[in-house]
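Participant: kindly return the folded structure for what I paste below:
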Amino acid sequence: MTVTTTTNPASEPSQLWPLDLFVRANWATPLVIRHTYQTVVTNALSDAEQRRGQVYEPSTLITYPFMHWDDMHTIQMFLMRIGIASTSVPIWMDKVTLGPVSAEIEGFYTLNTPGAFFIRNSSSSRLAIRHRIKANQRVLLWQKSTDSILVAEVTSTSVTEGQGVTYQTDVDFASLTGTWVVFPLVESRLVFQTSIQLHSSMACEGSVDFASSTNRISSILENQGGIGFLDEIAGGDTLEGYQFYDDKPIFESPISWGDSVTMSFQRSGQFSPSGVDDLPTVYGSRPRVGYELTVRALTREKAWKFKRLFDWSLGRCFSWWMVSPVRSLELLSVTGVLVAIAQDGATNDWNYRPYIALVGYDGTIEVRKIVSVAPGAGFDVITVDLSFTLTLSEVRKVAVARNMRFATDELVEVWSSTETCDFPVQFIEVIDESDVTILRPGGYSSELDSPNAIPLLDTWSPDGCSTVL
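Facilitator: Residues are numbered from 1 along each chain as shown. All right, here's what the predicted structure looks like:
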């Protein structure tokens, strides 16, 4: 194996092993990446909640399955070194196959410009970025035919509207011959414990968990300016490629019906012993709806779209809209702000279903808040807050819409190939959200007054048994 290493952009040489040990992933087992934010959720007795995001960038854990044979010395040295110092780890699911200059392979090719390669993509702006490759980041180039590797640094990226993304590096690709594969590199923390299963004296397999972080202690974890999973979306910021209602995105990712889809109804409360019986104490006005399901992305575009929603949400912090996967309503007519829904069986109780959504055949999703309901003979006439633009013939589905959030701060990516990814997720309903002004003692608004503008109470005075301002 031939190894060439350029200047490392983040760690000192004493902190990072050179990439002369290159252990390949075993795709017989899915490759897994876990991203974790930190959110503090405080619940009131009314079941209202206050959510505070603690970080803008998630910590990351890569589960790296491998199979090794013949050269057992290499794998032993690899596992020994990752417990001694930080290690550069290839992100196998984000690989890019490059042909010679201007020879396109799978939409990727090198350019005549020294050090540049191109990923074809017809999307614009942030939507064109579907690989964890960015400026000031290391990448690994591997040529399978010669088993040669080259570590380079991405110096800049640029998006050409409707065409794709150009990545500039400090390596002259024009001088390279044959087909090369590019992997983003992530700088891992120390791995304190790992093990391998020996199949013979010359064959083994195992799995290693590599942890990386961009916002924690920089001495051992990934250094600022290194090659972290810096997200393209800041929580609550603009989220391109999504439809919005009331300044919140609408969930649009495909649900895998081949996997289990669980719908739950969760009421906060408890039973307390009282004599020979138990008395219930309940919080909130009703149960909250939850879902446990798998989002299945069959392309990188769909995988990145869902991941961007999670990054926008900062885990549990920000909420969004979800159209119920249950088809339970029949649309009779729609005109502006008026919608007629058939009554099916018992009278529809709209008190616990305050939002409704129309889904068009063209993918348009319109979520609206129910303002009032007028029961009729076999149907309900609903008045919403904004006019619908879809007509009756254009509507594919009508269903209840709910304000949802992620139930956990962790997103798990399960990659079975470089294009196919499953996301097992849990969602929970947010019953009501509003902006609240928190008042300080004395009735002063913390949002309007600075601390030095608020008069302080003087010491207590016995004169008149009162305090003096």
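Participant: show me what the biggest helix by length in the chain is packed against.
Facilitator: Using DSSP state H, we find that the single longest helix of the chain is helix 300-313. Using 3 or more Cβ pairs under 8 Å, 6 or more residues apart in numbering; DSSP states H and E as the contact criterion, the secondary-structure elements in contact with helix 300-313 are strand 31-36, strand 277-297, strand 320-323, strand 395-406, strand 410-415, strand 421-429. C-beta here means a position set from N, CA and C on the backbone, and glycine is covered the same way.
Participant: dump the ones you listed to TSV, plus distance to Leu140.
Facilitator: Output for these, formatted as TSV (distance: least, Cβ to Cβ, whole Å):
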stretch	distance to Leu140
strand 31-36	16
strand 277-297	25
strand 320-323	36
strand 395-406	32
strand 410-415	17
strand 421-429	21
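Participant: next, count neighbours for the nearest residue to Trp92 once chain neighbours are set aside.
Facilitator: Residue nearest to Trp92 in three dimensions, not counting chain neighbours: Ala25, with 4.2 Å by Cβ to Cβ, 6 or more residues apart in numbering. Taking other Cβ atoms under 10 Å as the neighbour definition, Ala25 ends up with a count of 21.
Participant: so where is the chain shaky, pLDDT-wise?
Facilitator: Within the chain, the stretches falling below the threshold (pLDDT under 70) are 1-23, 99-112, 121-128, 162, 173-176, 213-238, 345-348, 434-469.
Participant: ok so, going back, tell me which of the helices and strands packed on helix 300-313 is the most buried.
Facilitator: With neighbours defined as mean count of other Cβ atoms under 10 Å, those peak in mean count at strand 320-323, which reaches a mean of 22.
Participant: pull the residues that contact that strand.
Facilitator: With Cβ atoms under 8 Å, 6 or more residues apart in numbering as the test, strand 320-323 has contacts from 245, 248-251, 291, 309, 312-313, 355, 357, 359, 365, 367, 397, 399-405, 427.
Participant: beyond it, next helix or strand please.
Facilitator: Taking DSSP states H and E as the definition, the helix or strand that follows strand 320-323 towards the C-terminus is strand 331-335.
Participant: neighbouring strands for the helix or strand that comes right after that following strand, and are they parallel or not?
Facilitator: Per DSSP H and E, the first helix or strand lying C-terminal to strand 331-335 is strand 338-342. Sheet neighbours of strand 338-342, with direction, are listed as strand 331-335 (antiparallel), strand 379-384 (antiparallel) (DSSP bridges).
Participant: reformat the ones you listed as JSON lines; add distance to Ile119 and mean neighbour count.
Facilitator: As requested, those are exported to JSON lines (distance: least, Cβ to Cβ, whole Å; neighbours: other Cβ atoms under 10 Å):
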{"stretch": "strand 331-335", "distance to Ile119": "42", "mean neighbour count": "16"}
{"stretch": "strand 379-384", "distance to Ile119": "42", "mean neighbour count": "18"}
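Participant: partner strands of the helix or strand hosting Pro184 and their direction?
Facilitator: Assignment of secondary structure by DSSP H and E places Pro184 within strand 180-188. Listed by DSSP bridges, the sheet partners of strand 180-188 and their directions read strand 87-90 (antiparallel), strand 96-98 (antiparallel), strand 137-143 (antiparallel).
Participant: so which of those strands is the most packed in?
Facilitator: strand 87-90 comes out most buried of the strands paired with strand 180-188 by mean count of other Cβ under 10 Å, with a mean of 24.
Participant: sorry, back to before: got the CA coordinates for the longest helix of the chain in CSV?
Facilitator: In CSV, the C-alpha atoms belonging to helix 300-313 read as follows (Å, rounded to 0.1, in the frame of the first residue of the first chain):
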residue,chain,number,x,y,z
ARG,A,300,-29.4,10.4,-0.9
GLU,A,301,-31.7,13.3,-1.7
LYS,A,302,-34.5,11.9,0.4
ALA,A,303,-32.1,10.9,3.2
TRP,A,304,-30.5,14.3,3.3
LYS,A,305,-33.9,16.0,3.3
PHE,A,306,-35.0,14.2,6.4
LYS,A,307,-31.7,14.7,8.2
ARG,A,308,-32.0,18.4,7.5
LEU,A,309,-35.4,18.4,9.3
PHE,A,310,-33.8,16.8,12.3
ASP,A,311,-30.9,19.4,12.3
TRP,A,312,-33.4,22.2,11.9
SER,A,313,-35.3,20.9,14.9
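Participant: and the most centrally placed residue in the chain, how far from Thr39?
Facilitator: In the chain, the residue lying closest to the centroid (Cα atoms, centre = their mean) is Phe310, at 2.9 Å. For Phe310, the distance to Thr39 (Cβ to Cβ, to the nearest Å) stands at 12 Å.
Participant: what do you get for Val181?
Facilitator: Counting by Cβ to Cβ - Val181 and Thr39 are separated by 37 Å.
Participant: over to Val96?
Facilitator: For Val96, the distance to Thr39 (Cβ to Cβ) stands at 33 Å.
Participant: same question for Thr87.
Facilitator: Taking Cβ to Cβ as the measure, Thr87 falls 30 Å from Thr39.
Participant: ok, Ala340 next?
Facilitator: According to Cβ to Cβ, Ala340 stands 41 Å off from Thr39.
Participant: Ala407 contacts Pro424, correct?
Facilitator: No - contact criterion Cβ atoms under 8 Å: Ala407 and Pro424 do not qualify, at 11.6 Å.
Participant: got the contact list for Thr391?
Facilitator: Contacts for Thr391 (Cβ under 8 Å, 6+ apart) come out as Val334.
Participant: quick one on the thing from earlier: the inter-axis angle of the longest helix of the chain versus strand 421-429?
Facilitator: Helix 300-313 and strand 421-429 meet at an angle of 40 degrees, taking axes from the mean of the first three to the mean of the last three Cα atoms, to 10 degrees as the criterion.
Participant: just want the angle from helix 300-313 to strand 31-36.
Facilitator: Using the same axes, to 10 degrees, helix 300-313 lies at 20 degrees relative to strand 31-36.
Participant: how about stretch 249-257: buried residues?
Facilitator: Going by neighbour count (16 or more other Cβ atoms under 10 Å), the buried part of stretch 249-257 is Pro249, Ile250, Phe251, Glu252, Ser253, Ser256.
Participant: got the domain ranges for the chain?
Facilitator: In terms of domains, the chain is parsed into 3-212, 244-270+286-429 (source: automatic domain parsing).
Participant: just send the ones you listed back as a markdown table, with distance to Leu279 too.
Facilitator: Supplementary listing: those in a markdown table, determined by distance: least, Cβ to Cβ, whole Å:
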| stretch | distance to Leu279 |
| --- | --- |
| domain 3-212 | 16 |
| domain 244-270+286-429 | 10 |
